[in-house]
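*Asks:* Mind folding the following:
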Amino acid sequence: MDHASVTSGAAFKTAVRATAILLLILTLASVGAYFYLQREMLAALETQIGGDRLALAQIYREGGPQALVEVINDLRQPLGEKQRVIGLFDSQGNNLAGNISIPPNLAGWSTNHMTVKVFTSAADISETSNFYIHKDRIGSLTLVVGRSLEAVETQEARMIAAFVGLGGVMSAAFLLLGFAASLQTLSKLDSMATTLDRVSQGEVGARLPISAAQDQIDRVSQAINLHLDRLSVLMQTTRASAAAIAHDLRTPLSRAFLLIDSAQASLDAGGDARDLIDGIEAELRRLNSIFDAIMRISRLETAQADLRLTAVAVAPLLADLAETFAPLAEERGQSLTLLATPQALSVQGDAAMLAQLLANLIQNAINHCPAGTAIVLGAAPRAKGVALWVADSGTGIPAAERDKVFELFYRLDPNRTGGGNGLGMALVKAIATRLGAQIVLSDENPGLRVEVIFA
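*Replies:* A predicted model of the protein is given here:
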C-alpha cells in the first residue's frame, strides 16, 4: 500500500491540522504558565528579600552603621549557602560587609548575573549565578539584598520540559491515530476500487463489503451496492431487450429477403412481382415502426427541457378517439363504448401526447382481446385528480405480470408469436411519466382496466 496515499488521506490531514492547533494551544498555554510561574516565584522572593531588608533596616536604626556591619559579617557562614546576597557599601562604592564586592548599577528591583563569595572553613571561593536583588539607600550607605534565582530557573525549566514532552506525546498520538484512520479508510477505498474494477470487467454480481462499524464509507458502500443492484437489473433488461429487438427485427428482415428473392425470381420468369413488392414494403414499414417507437420512447425518457403543459379538454379528445377506433373494433367483432364525460373536465397535459397514450391503450385492447370483447373508454373526476381509463372484458393480465408489461419488448406470449412488437405499453409508460401521470392496472372481472390518473 502506498504510504503517500495514506498521508494524503482526509483522516491524516485532519490529524495534522489538529496537531498544529494542539501545539499552538500548548504553546500559548506554556507561555502564559511560564510568565505566571515566574511572577509568582519572584513575588515570593520579593517577600523574602523584603523581610531581610526590614530586619537590617531595624538593626541600622537601633545600632547604627557599625552594628549593621557586624550583623552582616556574622552572616558569613549562612551566606555560604550561596542562596542569598547581602552587601553594604559606602558612598564611594567600597564594600563594608557582605558576600559581593561590587554593587549593581541599577537601584530598586533587578535581575543580575553576579559573583558571590562562598565562605567555607577551608577557603573562600567565588561562584557566579543569577540573583533577584534590591538596591536602595540606608542612611549614607547602600544596602543590597537579594536571593538566588536557581530555584525559579529550575522550576521554569521543568515546566517547559513538561509542556514540550506533553506536546510531543499528544502530537505523536494524534498523528498515529490519524495515520491509522487514514490507513483503514484507504484499505476500504482500495477494496471498493477492486470490487468496482471486477464489476467493470463483467462480474456484475460483485458487491462492496460492509463492515459492522457502519461508518461513512460503509454507508456510501451500501448506496453503491444499491446502484449496482439496479445496474445489474438494467443490464439484464438491456440484454433481454437486445434479444427481443434481434428477434423482432430478424422476422420481418427474413420475410423481406424471402420476398425479394421471390420477386427477383418472378421478374426473371417474366411474371408480375407487384404483390411481392407490396409485401416487402409492408415488412419494411413494420421495421420502420419498431425503430420509430424505440426512438420516441428514448426521446421521452431522456428529454431535459420542461414540457409546457396546457389544459386539455377530455370530452372532445375521447370522442375523437372513440370515433376513430370504433370501426376497427367492429371489424374484430368487438365493441367500443364511450361513457358520458363532463364537458368541463380537463387535465394539465399535452394534447398530442395524451391522444397517443390513449390510442395505444385502445389499440392494445383491440389487438389482444378476442371477438365479443366489450371495450369501454371513459373519464371522471377523483378526489385527488382526474382519471382516464380504458377497460375491456377480455382475458386480462395476471397480477404478477402487470409491472412487466411496461418493459421494452415484453410480451405475455413467451414464444412471441402474437401480434405487436411489445413497445406499446412502454410508450404509454414513457408518455405518462413525461406528463406527470400515474398508471394503475386492475382487474375488470373479467378483463383489464387501465387508469391514467392526473393530479
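*Asks:* mind listing the strands for this protein?
*Replies:* Per DSSP state E, the chain has strands spanning 84-89, 95-98, 108-119, 124-138, 141-148, 310-313, 335-338, 346-349, 374-382, 385-392, 438-443, 448-454. These are given in chain order.
*Asks:* mind putting those strands in TSV, mean pLDDT included?
*Replies:* Rendered in TSV, the data for these read as follows (pLDDT from 0 to 100):
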stretch	mean pLDDT
strand 84-89	88
strand 95-98	87
strand 108-119	83
strand 124-138	84
strand 141-148	90
strand 310-313	86
strand 335-338	88
strand 346-349	84
strand 374-382	88
strand 385-392	88
strand 438-443	85
strand 448-454	87
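*Asks:* nearest to Arg219, of these?
*Replies:* Comparing those by their distance to Arg219 (Cβ to Cβ), the top pick is strand 438-443, with 31.3 Å. From N, CA and C alone the C-beta is placed, and that goes for glycine too.
*Asks:* Give me the buried positions along that closest one.
*Replies:* Buried residues in strand 438-443, counted by 16 or more other Cβ atoms under 10 Å: 439, 441.
*Asks:* Over to stretch 202-210?
*Replies:* So stretch 202-210, judged by 16+ other Cβ under 10 Å, has buried residues 204, 206-208.
*Asks:* Taking the residues you listed, tell me the two that lie furthest apart.
*Replies:* Within the buried residues of stretch 202-210, Val204 and Leu208 form the most distant pair, 13.4 Å apart (Cβ to Cβ).
*Asks:* Need the residues touching each of those two.
*Replies:* Jointly contacting Val204 and Leu208 under the rule Cβ atoms under 8 Å, 6 or more residues apart in numbering are Leu228.
*Asks:* Now for the protein: which helix has the highest residue count?
*Replies:* Among the elements of the chain assigned as helix by DSSP state H, the one spanning the most residues is helix 10-74.
*Asks:* before we move on, the earlier item: same list, the strands of the chain, but as CSV with distance to Gly424 please.
*Replies:* Formatted as CSV, the entries for the strands of the chain read as follows, by distance: least, Cβ to Cβ, whole Å:
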stretch, distance to Gly424
strand 84-89, 110
strand 95-98, 118
strand 108-119, 100
strand 124-138, 101
strand 141-148, 104
strand 310-313, 21
strand 335-338, 17
strand 346-349, 19
strand 374-382, 15
strand 385-392, 12
strand 438-443, 13
strand 448-454, 11
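*Asks:* Nearest approach to Ile25 belongs to which of the ones you listed?
*Replies:* Comparing the strands of the chain by Cβ to Cβ, strand 108-119 comes nearest, at 29.6 Å.
*Asks:* any idea how far that closest one is from the chain center?
*Replies:* Going by Cα atoms, centre = their mean, to the nearest Å, the spacing between the C-alpha centre of strand 108-119 and its chain's C-alpha centre is 66 Å.
*Asks:* tell me which residues in it are buried?
*Replies:* Taking 16+ other Cβ under 10 Å as the criterion, strand 108-119 shows 112, 114, 116-117, 119 as buried.
*Asks:* for stretch 221-240, same thing?
*Replies:* Residues of stretch 221-240 classed as buried by neighbour count (16+ other Cβ under 10 Å): 221, 224-225, 228.
*Asks:* ok, so of the buried residues of stretch 202-210, who is nearest Gly270?
*Replies:* Val204 (58.1 Å).
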